[in-house]
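Peer 1: Have a look at this fold, sequence not included:
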């Protein structure tokens, strides 16, 4: 049996463990956020950041926060072996190269939609099919708040969609504590920032077109509905709006329970579900300006804010949830999941709690 001093030494050794990591698709917004997080992480050592278009250029030339780094983009054909490979590629790329990725890395964390769903049939319905369906059962969903136990030791991790993440975190306690059973009417409205469209978002994401808008862009049939249905066991009426914001996703869910629900029931459900979660905090009608969850309040963090209000008639629950789509909805979620998969300190590299006041996120 180890002495107290030996145990402390072992814990220190674990904390100091170095894990090699590379990022495929390093020039996009998500790739940049991954590189920023990994550069400040106490355990990760960045080995490569790949890009065909920027091969040979410094990562700081694409991502200003990384100016001064010696790291340069390399060609994705020249991948070297690493402990963890983060893939921040467009949908459809990783499913076609997953064999190669798993050959060069012990753990692959994919941030696209390629492995989020559980079956080939779901991809036929919501996407354009799947070329490597044999890997779908192997992949673990990256959202620790609903899948922590299965992430430990996982070698293929699938990042969640940002809109799905915001929605699931807001509604999950209602299902977890039996306040909803599935089948109830749920209407979800999500407002998202322009970074959701990626670095190559096109005309709709350009500043002159985006400025000042509240524009519906997915009134029905948004692909993230598949994730919500998969993990909550219910369908939702889901609509997205593009708004004049760079970072952030804000979900407002109108829930019509089949039976009576009290405010005490709601507080118990949310507190018991999230009281031990390091990256979820409550904002439910307190005092001050920021009474409910807002993307601005979590900009740059891996924190999700959740809150609720009960209609006086007790026939409607309004649930609010807000995240930074680039962090909790993407890169931060990926690093959080990787920490768990590798047995590292869960919050490592993700401790930033935000700034106030800040400009529009």
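Peer 2: Thanks, I have it. In this text the structure is predicted, and so the values were computed from the model without any measurement. Residues are numbered from 1 along each chain as shown.
Peer 1: In a strand, residue 234, correct?
Peer 2: No: Residue 234 is assigned coil when assessed by DSSP: H, G, I helix; E, B strand; the rest coil, not a strand.
Peer 1: The closest residue to it other than its chain neighbours: what's it in contact with?
Peer 2: Excluding the flanking residues, the one nearest residue 234 by C-beta to C-beta, 6 or more residues apart in numbering is residue 182, at 4.3 Å. Where C-beta positions appear, they are placed from N, C-alpha and C, glycine not excepted. Counting by C-beta atoms under 8 Å, 6 or more residues apart in numbering, residue 182 touches 175, 232-234.
Peer 1: With residue 65 instead?
Peer 2: By C-beta under 8 Å, 6+ apart, the contact list for residue 65 reads 32, 36.
Peer 1: A strand includes it, no?
Peer 2: No: counting by three-state DSSP, residue 65 is not part of a strand but helix.
Peer 1: Quickly note the distance from it to residue 32.
Peer 2: Separation of residue 65 from residue 32 (C-beta to C-beta, to the nearest Å): 8 Å.
Peer 1: How much space separates the residue nearest to residue 234 from residue 228?
Peer 2: From residue 182 across to residue 228, the span is 12 Å (C-beta to C-beta).
Peer 1: Okay, strands next: where are they in the stretch 151-300 of the chain?
Peer 2: Assigned by DSSP state E, counting those that start in this stretch, the strands in the stretch 151-300 of the chain fall at 156-158, 185-192, 214-218, 237-243, 249-256, 280-282.
Peer 1: Give me the buried positions along stretch 275-284.
Peer 2: Across stretch 275-284, burial judged by 16 or more other C-beta atoms under 10 Å covers 277, 279-284.
Peer 1: does residue 186 really touch residue 225, like I thought?
Peer 2: No: taking contacts as C-beta atoms under 8 Å, residue 186 lies outside contact range of residue 225: 10.9 Å.
Peer 1: When the two are compared, which one has more neighbours?
Peer 2: For residue 186 and residue 225, the more surrounded residue by other C-beta atoms under 10 Å is residue 186, and the numbers stand at 24 against 21.
Peer 1: quick one: contacts for that one?
Peer 2: Taking C-beta under 8 Å, 6+ apart, we find residue 186 in contact with 171, 180, 234-237, 253-256.
Peer 1: Quick one: the helices in the chain, in order.
Peer 2: Under the criterion DSSP state H, helices of the chain are mapped to 4-15, 29-39, 93-104, 120-126, 144-151, 162-176, 207-210, 225-232, 263-274, 295-298, 332-342.
Peer 1: could you dump the ones you listed to TSV with mean pLDDT?
Peer 2: As requested, these are arranged in TSV below (pLDDT from 0 to 100):
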stretch	mean pLDDT
helix 4-15	40
helix 29-39	97
helix 93-104	98
helix 120-126	97
helix 144-151	98
helix 162-176	98
helix 207-210	83
helix 225-232	97
helix 263-274	97
helix 295-298	95
helix 332-342	98
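Peer 1: Include distance to residue 77 when you put these into a markdown table, please.
Peer 2: A markdown table is the format used below for these (distance: least, C-beta to C-beta, whole Å):
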| stretch | distance to residue 77 |
| --- | --- |
| helix 4-15 | 35 |
| helix 29-39 | 17 |
| helix 93-104 | 10 |
| helix 120-126 | 27 |
| helix 144-151 | 30 |
| helix 162-176 | 30 |
| helix 207-210 | 35 |
| helix 225-232 | 32 |
| helix 263-274 | 43 |
| helix 295-298 | 38 |
| helix 332-342 | 23 |
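Peer 1: closest one to residue 132 among these?
Peer 2: Distance to residue 132, taken as C-beta to C-beta, is lowest for helix 93-104 among those, at 4.7 Å.
Peer 1: Please name every helix or strand in contact with that closest one.
Peer 2: strand 82-87, strand 105-110 (3 or more C-beta pairs under 8 Å, 6 or more residues apart in numbering; DSSP states H and E).
Peer 1: buried sites along the last one?
Peer 2: Translated: strand 105-110. 105, 107-110.
Peer 1: care to break this structure down by domain?
Peer 2: Domain assignment for the chain by automatic domain parsing gives 10-159+328-342, 162-325.
Peer 1: quick one: residue 109 and residue 88 touch, right?
Peer 2: No: Residue 109 is not in contact with residue 88 according to C-beta under 8 Å; the separation is 9.4 Å.
Peer 1: before we move on, back to that, so can I have JSON lines of the strands of the stretch 151-300 of the chain showing mean pLDDT?
Peer 2: Shown next, in JSON lines, are those (pLDDT from 0 to 100):
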{"stretch": "strand 156-158", "mean pLDDT": "98"}
{"stretch": "strand 185-192", "mean pLDDT": "97"}
{"stretch": "strand 214-218", "mean pLDDT": "91"}
{"stretch": "strand 237-243", "mean pLDDT": "95"}
{"stretch": "strand 249-256", "mean pLDDT": "98"}
{"stretch": "strand 280-282", "mean pLDDT": "97"}
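Peer 1: what's the closest of the ones you listed to residue 47?
Peer 2: Closest of the strands of the stretch 151-300 of the chain to residue 47 is strand 156-158, at 18.3 Å (criterion: C-beta to C-beta).
Peer 1: Could you tell me how far that closest one lies from the centre of the chain?
Peer 2: With C-alpha atoms, centre = their mean, to the nearest Å as the basis, strand 156-158 stands 12 Å off its chain's centre.
Peer 1: who does that strand pair up with?
Peer 2: Paired neighbours of strand 156-158 in the sheet (DSSP bridges): strand 105-110 (parallel), strand 140-141 (parallel).
Peer 1: For stretch 314-326, what is the distance to the chain centroid?
Peer 2: The answer for stretch 314-326 is 16 Å, by C-alpha atoms, centre = their mean.
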